[in-house]
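Enquirer: quick one, structure for this:
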Amino acid sequence: MSRHLALILLAAAFSSAVETEKPQYLITSPYTYRAGEDETVNIQLFGSKSCEVEVRLKPQNSKTVTVSANGTFTPGEQGKLILRIPKENVRNGRHYYRTSFDLDATVCGVKTESRSVSAQPLKPNNIFIQTDKPIYKPGQKLRMRILSLDKDLKLTGDKVANVHVVASASRIKQWNDVKLEDGMASLELQLSKEPILGKYTITAFVGKARKTQTIEVAKYVLPKYEVKITPPAYMALDQKEFTTTICAKYTYGKNVKGTLNAVLCLKHDDYIYRRREYVSRNFKKCQNITREINGCTDIRLLREELNVGEVTNVYRTQFLIDAQVTETLTGVTLKSKALKYNMKRRSVQLSFSGTSGKFKPGLPFKYVLKVTRPDGSPATGARVHVTVSRGWSAAATFYNKTFVVTNGLITDSIDDATYNARSLVFKANLLDKNPYPVKAHMYPVSTSYTANPWYSPSFSYLEIHNTQNTPAKIDSEASLTVRYTVRSNTGTRVNFHYTIMCKGNTVKSGTHTQLHNYVREENLTTTATPATTIRPTKVTVNVTNATLQRTNDTIRTKIHRLILPDWGWRRPKPIPVKKLNERPVVEKFDIKFLVTMEMVPSCRMMVYYVREDKEVVADSVDFDVEDKLENQVSVSFKDDERKPGEETNLILKATPGSRVAFVAVDKSIHLLKAGNELTKEKILPYLRTYQQRAYNSNPKCRNSWNPWWRGKRSIAPFYWGDSSSYDDASDAFNNAGVIFISSLNIYTKPCPKPQFFLRLSSRRRGMNITYLFVLFGCLFCF
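Expert: Modelled structure (predicted):
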């Protein structure tokens, strides 16, 4: 007996020694690999032992390693390895636009699990076509410019493979192998005196990139001035008056003196069905306005002048404006029209759109309620009532305040109630009533929002807070605040690791150290237990509450085994969800960094630390950078005003060595048609396409809702739902766009609970009706 006991103790000691020798590591990598570009894999070891790390990439379902890298790393330091997938290993055809690769590693001689990454072919250059005018007369010369830009918006490329112009399905001109000078090419096309009128399409091919631009050829007369109508920004049933602005200005900015004739009409189209017949509620109320104009004039109409109180359907209401201005000097008359669709019932709208959908228990939670007009402008003077509760029950309300809005925003922080809340439900109601009588049904103005908690078995949370409401400035120092909960077992010396990712690349990384001296013990209590694997129990003869519970569990287990075999889909019991009965201590620090051009237009910062029990606590956040180009260009005329026939100077400023291209046309041409101008607003959105989200999956839950036997064409009548609404540290990595390979505890939230539904389809009177029956433990309910 003593020999057996000694062997057991020896085996336990050996297994404990082996367990302590297992390497602790965290390997992060971008989820998206672009063929032909270097991608950074971050390596971090924990413990006290230095060792060699090798990372490998290979196509899925293949044993051939495409690329690998290795190095020796020391614990406590952030190391890097570079991987590059060759271009020829990623196909760019119709069915192979994206290729999946597996990333795995060997750390200290121990092989890790693999993670899937997306390998994409190198993005083709961004092609832009600019013409000197959007519309041409017969016989004029068409001038065009073709630009080829890389992902950093720098001119690149050797030639344009093909450029052609098509009108009415006929190709009228084509250029082949046009040479690019510093990524730019200029072409001209002389139009005939009797060309095909209508739309012309210009198409350019540079490599695998394709771009089209549409122009128009027509007979026209340039307008001498412009008549512009600005209808009311919004129209609501509780408004007293409606203001329309009409302006007449020359193309060079001066006011036009003349006579304005305007017709403003409110058109309403509605009906009701009463006693087997349709009763019309249509009406059209118009006001004719004639006055002298000198530039701009405002036309104010009272609600009674438009019969606003008679409106019954706001969605079938239109405000039409017809205006014409006759110039006093020449007698030239120009017309303009405007149309405003759909009225609103109220002129105040509420939205929690600026509030996060997740909160960290124990950390202050700031909500943002936007109180705006229908056009998005901030509302002032409105009275709003806001409540917050732990769940949807009115008895759980702990926050009750009334605000008078001054700048269109209501912001407040909930500091004392998040540590023991399973959810936060926000409700806002507008207290002001419509002061005018209307026939339309008036609904109360209200909104609601729910925030769910993050999950941590140790009740440790971290949050990155951006205190600046404006984009960060280039060449300036930016700062982000990190707040986190401190527990007795958080550690006396904690290293916070941060990484900044911009356009899918790691731009900056570092470490910040915090010291603690906190010993108070918290009292944790279990409040909810997610779905667990149910095991069969013995059923007794006596019918009691406990016996009925065991019977239901047995029946439910039989259903599970009938639908899901034990050898195909069982999973371990998840950790219960916990809450804290005492408010934790919250600490904070700032991370400061220099904003550079490679951060334009936005970046993501991820911060994490590792607890003594190997749990990873992390968060990530996006921050915007000002829309600024690396080469700042400015163009201006030396003179503000010159007479026809006189000369003027054009002043252009740019970085030395820049290739400059400009175009000068009569401004009035853009009054007829727009769309050919190449602006910064058209180019910068291309930079945001490089920022993507990652997809990490918990190996313990990988098959929890997708059993192997339920194929794509399965007709099994059961549906699997996901009842898990928690986020954990793995979601911070996903939001940052990185995948991870780690021996630490990053997946901590419970696995999704499967929900079984029985689908039965029936056709009745031409309608497809789907019935859903939930199996609550009844074996024969279907």
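
Enquirer: what about the residue lying closest to residue 250 once chain neighbours are set aside, how many residues nearby?
Expert: Leaving aside its sequence neighbours, residue 250 sits nearest to residue 225 (Cβ to Cβ, 6 or more residues apart in numbering; 4.6 Å). C-beta here means a position set from N, CA and C on the backbone, and glycine is covered the same way. Residue 225 is flanked by 22 other residues according to other Cβ atoms under 10 Å.

Enquirer: got it, and the one 10 residues further on?
Expert: Burial measure for residue 235: 25 neighbouring residues, criterion other Cβ under 10 Å.

Enquirer: please begin residue numbering at 173 from this point
Expert: Got it, first residue is 173 now, which makes that one residue 407.

Enquirer: OK, contacts around it?
Expert: Counting by Cβ atoms under 8 Å, 6 or more residues apart in numbering, residue 407 touches 414, 489, 491, 512, 515, 516.

Enquirer: so what's the residue nearest to residue 422 up against?
Expert: 420, 421, 422, 423, 428, 497, 499, 506.

Enquirer: 10 Å - rerun?
Expert: By Cβ atoms under 10 Å, 6 or more residues apart in numbering, the contact set of residue 397 is 419-424, 426-428, 430, 497, 499, 502, 504, 506, 840, 843.

Enquirer: and it, how far is that from residue 441?
Expert: 35 Å (Cβ to Cβ, to the nearest Å).

Enquirer: thinking again about what came up before, what's the closest of the contacts of residue 407 to residue 308?
Expert: Closest approach to residue 308 among the contacts of residue 407 (Cβ to Cβ): residue 512, at 33.2 Å.

Enquirer: which strand residues bridge the closest one?
Expert: residue 491 (DSSP bridges).

Enquirer: how deep is it tucked in, by neighbour count?
Expert: So residue 512, with other Cβ under 10 Å, has 18 neighbours.

Enquirer: can you check residue 462 too?
Expert: Residue 462: 9 neighbours (other Cβ under 10 Å).

Enquirer: after the helix or strand in which it is found, next one along is what?
Expert: Using DSSP states H and E, residue 462 maps to strand 455-466. Heading C-terminal from strand 455-466, the first helix or strand you meet, by DSSP H and E, is strand 468-474.

Enquirer: from the contacts of residue 397, which land in strands?
Expert: If you go by DSSP state E, the contacts of residue 397 have 419, 420, 421, 422, 430, 497, 499, 506 in strands.

Enquirer: picking that back up, return the members of the contacts of residue 397 classed as buried.
Expert: 419, 420, 422, 423, 428, 430, 497, 499, 506, 840, 843 (16 or more other Cβ atoms under 10 Å).

Enquirer: what about the residue lying closest to the second one once chain neighbours are set aside, distance to residue 811?
Expert: Spatial nearest neighbour of residue 420, excluding adjacent residues (Cβ to Cβ, 6+ apart): residue 428 at 3.9 Å. Note on residue 428: its distance to residue 811, by Cβ to Cβ, is 23 Å.

Enquirer: OK, contacts around residue 569?
Expert: 559, 560, 561, 562, 563, 597, 599.

Enquirer: A strand includes residue 779, no?
Expert: Yes: checked against DSSP: H, G, I helix; E, B strand; the rest coil, residue 779 lies within a strand.

Enquirer: which among the contacts of residue 407 end up buried?
Expert: Applying 16+ other Cβ under 10 Å to the contacts of residue 407 flags 414, 489, 491, 512, 515, 516 as buried.

Enquirer: so which of the residues you listed comes closest to residue 676?
Expert: Closest approach between those and residue 676, by Cβ to Cβ: residue 516, at 41.3 Å.

Enquirer: that closest one touches residue 409, doesn't it?
Expert: Yes: the pair residue 516 / residue 409 is scored as a contact, 7.3 Å apart, by Cβ atoms under 10 Å.

Enquirer: shared neighbours of those two, which are they?
Expert: With Cβ under 10 Å, 6+ apart as the test, residue 516 and residue 409 both reach 486, 489.

Enquirer: need the contacts of residue 407 in CSV with pLDDT and distance to residue 828, can you?
Expert: CSV is the format used below for the contacts of residue 407 (pLDDT from 0 to 100; distance: Cβ to Cβ, whole Å):
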residue, pLDDT, distance to residue 828
414, 97, 54
489, 94, 59
491, 97, 54
512, 91, 50
515, 90, 56
516, 94, 54
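
Enquirer: nearest to residue 865, of the residues you listed?
Expert: After measuring the contacts of residue 407 against residue 865 - Cβ to Cβ - the closest member comes out as residue 516, at 34.9 Å.

Enquirer: so how far is residue 657 from the closest residue to that closest one other than its chain neighbours?
Expert: Spatially, and ignoring its direct neighbours in sequence, residue 516 is nearest to residue 408 (4.2 Å; Cβ to Cβ, 6+ apart). Using Cβ to Cβ, we find residue 408 at a distance of 45 Å from residue 657.

Enquirer: between those two, which is the more surrounded one?
Expert: residue 657 (25 against 20).

Enquirer: and the more buried one, what pLDDT?
Expert: Residue 657 carries a pLDDT value of 91.

Enquirer: tell me the contacts of residue 521?
Expert: 406, 408, 542-548, 551, 602, 617, 619.

Enquirer: separation between it and residue 922?
Expert: 37 Å.

Enquirer: repeat for residue 304
Expert: Per Cβ to Cβ, residue 304 is found 63 Å from residue 922.

Enquirer: show me which helix or strand of this protein is least confident by mean pLDDT.
Expert: Least confident helix or strand, the chain: helix 738-741 with a mean of 38, by mean pLDDT, DSSP states H and E.

Enquirer: residue 404 contacts residue 475, doesn't it?
Expert: No: if you go by Cβ under 10 Å, residue 404 and residue 475 don't touch, sitting 11.6 Å apart.

Enquirer: what do the two both touch?
Expert: 411, 413, 414.

Enquirer: same list (those residues) but as JSON lines, adding secondary structure and distance to residue 815.
Expert: Converted to JSON lines, the shared contacts of residue 404 and residue 475 look like this (DSSP: H, G, I helix; E, B strand; the rest coil; distance: Cβ to Cβ, whole Å):
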{"residue": "411", "secondary structure": "coil", "distance to residue 815": "48"}
{"residue": "413", "secondary structure": "strand", "distance to residue 815": "44"}
{"residue": "414", "secondary structure": "strand", "distance to residue 815": "43"}
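
Enquirer: turn those into CSV, including distance to residue 374.
Expert: Below are the shared contacts of residue 404 and residue 475 laid out as CSV (distance: Cβ to Cβ, whole Å):
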residue, distance to residue 374
411, 47
413, 48
414, 43
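
Enquirer: appreciated, that's everything.
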